[in-house]
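Asks: Take this sequence and fold it.
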Amino acid sequence: MATKYDLSLCIMTLLLALLTLLSYATASHPHNKTSSPFDFLEHLKGCHKGNRVKGINNLKKYLERFGYLNYKNHSRFNNDDFDDLLEEAVKTYQINYQLKPTGKLDDKTVSTMMIPRCGFPDIINGTTSMLSAKHRQHHGSIHTTAHYSFIPGNPKWPPSKYRLTYAFAPNTRSDAPAAIARAFATWQKNTHFTFSKTSNYQSADLKISFQRRDHGDGVPFDGPLGVLAHSFSPTIGIFHLDAEENWSVGVKPGAIEMETLALHEIGHLLGLGHSSVKEAIMVSGLPAGVKRGLHPDDIQGIKALYNV
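Replies: Modelled structure (predicted):
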């Protein structure tokens, strides 16, 4: 005959087993992953010209945001029709990211579009530097192609401003300055620029701050795992990071590695556009849990821009 102690022990064992199962189910359930502003793209896989699917309007907004679409007829922009202009925009995106230019939202295209990314557009005022930036490189008998790009108009710092100061806004999180300083040091080692930190935010050449989407000054942030940061071309010198992101110093699952992101944005501050090389720091997307350094394509690009 079972004693009260035996029954209590049995109940406790069953409860522990149930709690373990519930914890496993919660951790592995797909609905518990961090949502992203780009999640709507998953629903659009397989869409192509001629389709009318709810959410295509959001795809148009996505492509307009990064420079690929400019509808003169707003009624065409505000509907869910996959029209010829959208097909051409998708093809241009696919070419920029070295995907097969079908104009269809295939798995690889959607997966690329869903990667958290920099808010700097790939195409500015109808000019895409990514498509035109396939520069022939000659290394003895070996010929390679570089895919770095410059911001349209090739803005850059004048020779009198090769020594740049940078400063952080008062609201900057405590772990950011050291990580971003390492990113500046990496660019300094590979360029003719020198960077020094100053406490005078207003007079600094480069101003760094964390902003939220409700800031009210047109900052294009949209919540975690969407647009991560954005910066301006020379000689504006402004660099904003999304305060809502899950940032990390070093690789951490589900977090955006801050030094890597800073390396990318400093490239824009110096005049580089986006690269189509997936391993380059100047590629637009940065998945969570990934750390990168400068790629030869990045270094070739900055040296070509400044003729050094």
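
Asks: Give me the distance from the helix or strand hosting residue 183 to the chain's centre.
Replies: Using DSSP states H and E, residue 183 sits in helix 176-190. Here helix 176-190 is found 18 Å from its chain centre; the criterion is Cα atoms, centre = their mean, to the nearest Å.

Asks: Return the mean pLDDT over that helix, rounded to an integer.
Replies: The average pLDDT within helix 176-190 is 98.

Asks: Where does pLDDT dip in the stretch 151-300 of the chain?
Replies: 214-219 (pLDDT under 70).

Asks: need the helices for it, in chain order.
Replies: Applying DSSP state H, counting those that start in this stretch to the stretch 151-300 of the chain gives helices spanning 176-190, 258-270, 296-306.

Asks: all strands for the stretch 201-308 of the chain, in order.
Replies: In the stretch 201-308 of the chain, the strands defined using DSSP state E, counting those that start in this stretch lie at 206-211, 229-231, 238-242, 247-248, 256-257.

Asks: can you check the stretch 51-200 of the chain too?
Replies: For the stretch 51-200 of the chain, the strands defined by DSSP E, counting those that start in this stretch occupy 123-124, 127-128, 135-139, 142-146, 163-168, 194-197.

Asks: And the residue nearest the centre of the chain, how far from residue 276?
Replies: Central residue of the chain (Cα atoms, centre = their mean): residue 117, 1.7 Å from the mean position. Distance from residue 117 to residue 276, counting by Cβ to Cβ, to the nearest Å: 14 Å. (C-beta placed from N, C-alpha, C; glycine too.)

Asks: mind listing what the nearest residue to residue 257 once chain neighbours are set aside touches?
Replies: Excluding the flanking residues, the one nearest residue 257 by Cβ to Cβ, 6 or more residues apart in numbering is residue 291, at 4.7 Å. The contact partners of residue 291, by Cβ atoms under 8 Å, 6 or more residues apart in numbering, come to 250, 251, 257, 259, 260.

Asks: Tally up the residues packed near the residue nearest to the fourth one when sequence neighbours are not counted, please.
Replies: Spelled out, that is residue 259. Leaving out its chain neighbours, the residue that sits closest to residue 259 by Cβ to Cβ, 6+ apart is residue 179, at 4.4 Å. Using other Cβ atoms under 10 Å, residue 179 is surrounded by 19 other residues.

Asks: Residue 160 now?
Replies: 6.

Asks: And residue 224, by the same measure?
Replies: Residues near residue 224, counting by other Cβ under 10 Å, number 19.

Asks: so it makes contact with residue 244?
Replies: Yes - Residue 224 lies in contact with residue 244 (Cβ atoms under 8 Å); the separation is 5.6 Å.

Asks: how about the strands of the stretch 201-308 of the chain, which one is nearest residue 189?
Replies: Nearest of the strands of the stretch 201-308 of the chain to residue 189, taken as Cβ to Cβ: strand 206-211 at 17.4 Å.
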